[in-house]
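Visitor: pasting the sequence and the predicted model now:
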Amino acid sequence: MKRLLKIVKSSKIIIPVFITSLLLGAFLFYYIPYIMEEGLIKNIVRHSKNAVERLQMEREYYTLSVVRDVKKFAPQLSFDYNHEGVNGKLPFPTTTIHDLSRMYSKRSDVKFSLYSEYPFLNRKDRVLTPFQKEALKKVKENGGLYYKKDIVDGKPVLRVAVADYMVHQACVDCHNSHKLKNWPSNKWKLGDMRGVLEIMTPMGAAMNEMYQSRNRVLMASLAIMFLLFIYYTYVLIRRENQLNTEKEELSEDLKDLSESFDRYVIASKTDLDGKIIYASHRFCKITGYTQEELIGKDHSIIRHPDTPDEVYKKMWERISSDKTWAGELKNLKKNGGYYWVKAVVMPLYNHRGKKIGYTSIRQDITDKKKIEELNRNLEKRVSEEVKKNREKEKQLLHQSRLAQMGEMISMIAHQWRQPLAAISSSSLAINIKAKLGKLDKDTAIELSDKISEYSQHLSSTIDDFREFFKPNRGREETTYEALVESALSIVEISLKNKNIDTRLDLKCKATLLTYPNELKQVILNLVKNAEDALQERKIDEPCIEIKTYMEDGKAVLEVCDNAGGVPDNIIDKIFDPYFSTKPEKNGTGLGLYMSKTIIEEHCEGRLEVLNGTEGAIFRVVLEVEK
């Protein structure tokens, strides 16, 4: 019990819940009857209005059916308020309402009455009660309805007054011409309020039942609240035990965490002047100082001379303005060594929010700094190696160009033999005819034109040769068709002399933004390689086919031959530098290497090889100018 009282006193919830329950009970005690009474009144009013409507409907039926038929079919009968036990007398419609009201009142506790400010002469001595006067006034103000709680004969009742309007012309005519009228003729018209129908309903039994219901609800509510209170107290006791257990576990965890923080985190605290007031075990270990040597000392004891004064100046400016500083620092050890930390320094506040010093958390990044230094050295070495490789690449490109120039000179020499022989023959003919005196004007012109034609051919060949090896300074617009045509113009005589059939299927008309001369060198190199393979393998019907087409939005050029293809064991090596399938005296091993370098590094495309059904297929894939 004492423990329960202790829990109740210490709880921040039980007492407020208990007080709230009491207040809720008191509220329900008074509010439930009010709500139930409101509902009861509304229900009585509704039933009263329905009862009045029934009376009015009965009177309407009597007026429109009985009275009308009697006047029409039994005129010997008459209507009078004094009709009971009198032969040949029928009640007035209004008298019918009075009679029915009296009859209903005798048979139940509910009392019916009909009254008006203008009674017939037979009722002129009737005195209206204060409520009846009030009801006649209020129904006019409240749209034909008025109700009020009252005490009659010492018992509570609800009095409901409903306006009785003139809704039929027959009623208006009857009242205006009635022999017992107590008002001027033509006083009434349709829609006038003739009087009030009142229904008085006792409320005692209903109120008693209502209070009993209220008491049952309150008892049930109190029982439920008591059970909830007991249950909540039980839950709270169990929860307190759990919290105590968790508190002990958290205390142990906090202790372990504090020890781990002290052991593994480089942390320190200073006062507002920068004097050390706390140093973790890890802080002491990395600096080489003991706590006794650090406490009370200025934090600058670990400041390394390599750290600029500007760094510490900015740090103090920031933390002095209640902001956090973060950055990297090189600190000094007791033995003169150094270590790097990534530090966060922030203001330290007490429980009142007053700044009392500064705290710092650091991460040892010495190894990271050493790795960064190694990376810098490595980057320097890589840069040097890249530079060397580029020089080697330039040398290889130069060697490849020289090799191609040698091949070109060989082809030019082959192409020049026939023109030079023709020039020599023509000049010899001129010389002989001149010596013999047979050189006429037409012959001289014919032979000189031939010499000029052959000389122009030789000059054109030299221009092609010079243009072919002139490097492009920038990208230029061109097409595969133009490049293929230019490259083939150099080797077509060589191909014809070797009976190699050249087939073109140039479907790609897209514009390329690239280096035309470098790309021509690649095409020429691929064609020469195909020519050499066909010659070396002595193919009966040698053929080189050049195709261009679009594939996935890119321009593709293929150089195909029917020389049998590249052996599978070397196909992955043919783009390596100095690798050649030709006899040593005929190949440098640089042609395909430099072709791949030009396409993939200069032209930003792809050069690849695969074996087709009859021979090798070299594919050049380039982006199209947007």
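Guide: Alright, I've got the coordinates.
Visitor: run through who's touching stretch 36-50.
Guide: 145, 147, 149, 158, 160, 162, 199, 201, 203, 206-207, 210, 213-214 (CB atoms under 8 Å, 6 or more residues apart in numbering). For glycine as for every other residue, the C-beta is placed from the backbone atoms N, C-alpha and C.
Visitor: and that stretch, how far from the chain's centre?
Guide: Counting by CA atoms, centre = their mean, to the nearest Å, stretch 36-50 is centred 57 Å from the centre of its parent chain.
Visitor: tell me the mean pLDDT for that stretch?
Guide: If you average the pLDDT over stretch 36-50, you get 85.
Visitor: try stretch 328-345
Guide: Here the average pLDDT along stretch 328-345 is 91.
Visitor: from the contacts of stretch 36-50, which land in helices?
Guide: Within these, residues falling in helices by DSSP state H are 206-207, 210, 213-214.
Visitor: so can I have TSV of those showing neighbour count and pLDDT?
Guide: What follows is the ones in helices among the contacts of stretch 36-50, written out as TSV (neighbours: other CB atoms under 10 Å; pLDDT from 0 to 100):
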residue	neighbour count	pLDDT
A206	18	72
M207	15	74
M210	18	72
S213	13	74
R214	19	69
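Visitor: now for the contacts of stretch 36-50: which two are most distant?
Guide: Pairwise distances among the contacts of stretch 36-50 were taken by CB to CB; the largest, 30.4 Å, belongs to V162 and R214.
Visitor: okay, stretch 610-621 in CSV with CA atoms only?
Guide: Extracted in CSV, the C-alpha atoms of stretch 610-621 (Å, rounded to 0.1, in the frame of the first residue of the first chain):
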residue,chain,number,x,y,z
LEU,A,610,36.0,-9.4,-86.5
ASN,A,611,36.1,-12.3,-88.8
GLY,A,612,33.4,-12.6,-91.5
THR,A,613,32.4,-15.6,-93.6
GLU,A,614,35.3,-15.0,-96.1
GLY,A,615,37.8,-12.8,-94.4
ALA,A,616,38.5,-10.0,-91.9
ILE,A,617,36.2,-7.0,-91.3
PHE,A,618,37.6,-3.8,-89.8
ARG,A,619,34.9,-1.5,-88.5
VAL,A,620,35.3,2.3,-87.8
VAL,A,621,32.4,3.7,-85.8
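Visitor: would you mark the buried spots in that stretch?
Guide: Buried residues in stretch 610-621, counted by 16 or more other CB atoms under 10 Å: 615-621.
Visitor: likewise for stretch 59-73?
Guide: For stretch 59-73, by 16+ other CB under 10 Å, it's 59, 62-63, 67.
Visitor: closest one to I19 out of the ones in helices among the contacts of stretch 36-50, please.
Guide: Of the ones in helices among the contacts of stretch 36-50, the one sitting nearest to I19 (CB to CB) turns out to be R214, at 21.7 Å.
Visitor: between the buried residues of stretch 59-73, which is nearest C560?
Guide: Proximity of the buried residues of stretch 59-73 to C560 (CB to CB) peaks at R59, which lies at 116.3 Å.
Visitor: the closest one against P93, yeah?
Guide: Yes - contact criterion CB atoms under 8 Å: R59 and P93 qualify, at 5.2 Å.
Visitor: for the helix or strand hosting V172, list the C-alpha coordinates in PDB.
Guide: Assigned by DSSP states H and E, V172 belongs to helix 169-177. C-alpha atoms of helix 169-177 as PDB (Å, rounded to 0.1, in the frame of the first residue of the first chain):
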ATOM      1  CA  GLN A 169     -63.300  29.200 -46.400                       C
ATOM      2  CA  ALA A 170     -66.200  27.200 -44.800                       C
ATOM      3  CA  CYS A 171     -64.600  27.900 -41.400                       C
ATOM      4  CA  VAL A 172     -64.300  31.600 -42.200                       C
ATOM      5  CA  ASP A 173     -67.900  31.800 -43.300                       C
ATOM      6  CA  CYS A 174     -69.200  29.900 -40.400                       C
ATOM      7  CA  HIS A 175     -67.400  32.100 -37.800                       C
ATOM      8  CA  ASN A 176     -68.300  35.300 -39.500                       C
ATOM      9  CA  SER A 177     -72.100  34.400 -39.600                       C
END
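Visitor: please consider this matter closed, and thank you.
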